[in-house]
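Enquirer: Dropping a prediction and its sequence here:
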Amino acid sequence: MTETEQLDRYIEVHSDPEPDYLYRLYRATNIHTIHGHMASGHVQGRLLKMLVEMIRPKNILEVGTFSGYSALCMAEGLEDGGRVFTFEINDEMEDFTRPWIEGSAMADKIVFTIGDANVEAPKLGITFDMAFIDGDKRTYVETYEMVLPLLRHGGFIVADNTLWDGHVVDPAYDRDSQTIGIRRFNDHVAADGRVEKVIVPLRDGLTLIRKK
């Protein structure tokens, strides 16, 4: 076991355990989907739950549901009456994801929609207190610019994968469209005076953004 793996294990052991339902969902995601590693996972999921408990949002927008793991984690942290509105553009995920969401104890707190969030979310007419961006890396900037006007002043955006497995600083990925998209997003947010921002080097990189 490498030092990084040892540290990852140490962090997991010294963080709250993931609920059994989420443990089973994570395993099923890795067994039955091609890109199972894309699910948020134990430690990131516990962080998302705690961020929700800290921010106390009424409405959360999620761009990129995938298997539903992160939506369930955020829904765990919601107070009564709170909702996660989550969008997944890949309709092939619906048959896997919808039963896991609808079969959970959080089902009444999650509104799951198959469709392009960049198009559909503004149609909801909802002001959001928090957003989790985890969709197409190539269009992160466009998603960010869609989300920001829907977010209340003082609201938060959490953007996933912003270190992109280290590819953001690796010249070998200079022509990779997803890496280019993440770099463009990071540069765009860094230069945006409308927000405060910090990158947290957890897992694949999380950027915490606060709308001024």
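Expert: Great, that's in hand.
Enquirer: C-alpha from now on. contacts and neighbour counts both.
Expert: Noted.
Enquirer: Helices of this structure, start to end?
Expert: Secondary structure of the chain (DSSP state H): helices located at 3-13, 20-32, 42-55, 69-77, 94-102, 117-120, 140-150, 177-190.
Enquirer: Redo those as TSV? Include mean neighbour count and distance to Asp170.
Expert: Written out in TSV, the entries for those read as follows (neighbours: other Cα atoms under 10 Å; distance: least, Cα to Cα, whole Å):
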stretch	mean neighbour count	distance to Asp170
helix 3-13	11	19
helix 20-32	15	27
helix 42-55	19	24
helix 69-77	25	28
helix 94-102	17	33
helix 117-120	16	29
helix 140-150	18	19
helix 177-190	18	9
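Enquirer: okay, those in TSV with distance to Leu163 and mean pLDDT next?
Expert: Putting these into TSV (distance: least, Cα to Cα, whole Å; pLDDT from 0 to 100) gives the following:
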stretch	distance to Leu163	mean pLDDT
helix 3-13	16	90
helix 20-32	22	91
helix 42-55	14	96
helix 69-77	18	97
helix 94-102	26	96
helix 117-120	23	98
helix 140-150	13	98
helix 177-190	8	97
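Enquirer: Which one of the ones you listed lies nearest to Asn161?
Expert: Using Cα to Cα as the measure, helix 177-190 is the one of the helices of the chain that comes nearest Asn161, at 7.9 Å.
Enquirer: For that closest one, C-alpha coordinates in CSV please.
Expert: Only the C-alpha atoms of helix 177-190 are listed here, as CSV (Å, rounded to 0.1, in the frame of the first residue of the first chain):
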residue,chain,number,x,y,z
SER,A,177,-10.7,18.4,-24.3
GLN,A,178,-11.9,17.6,-20.8
THR,A,179,-8.6,18.8,-19.3
ILE,A,180,-8.8,22.0,-21.4
GLY,A,181,-12.3,22.5,-20.1
ILE,A,182,-11.3,22.2,-16.4
ARG,A,183,-8.3,24.5,-16.9
ARG,A,184,-10.5,27.1,-18.6
PHE,A,185,-13.0,26.8,-15.7
ASN,A,186,-10.3,27.2,-13.0
ASP,A,187,-8.8,30.2,-14.8
HIS,A,188,-12.3,31.7,-15.3
VAL,A,189,-13.3,31.4,-11.7
ALA,A,190,-9.9,32.6,-10.4
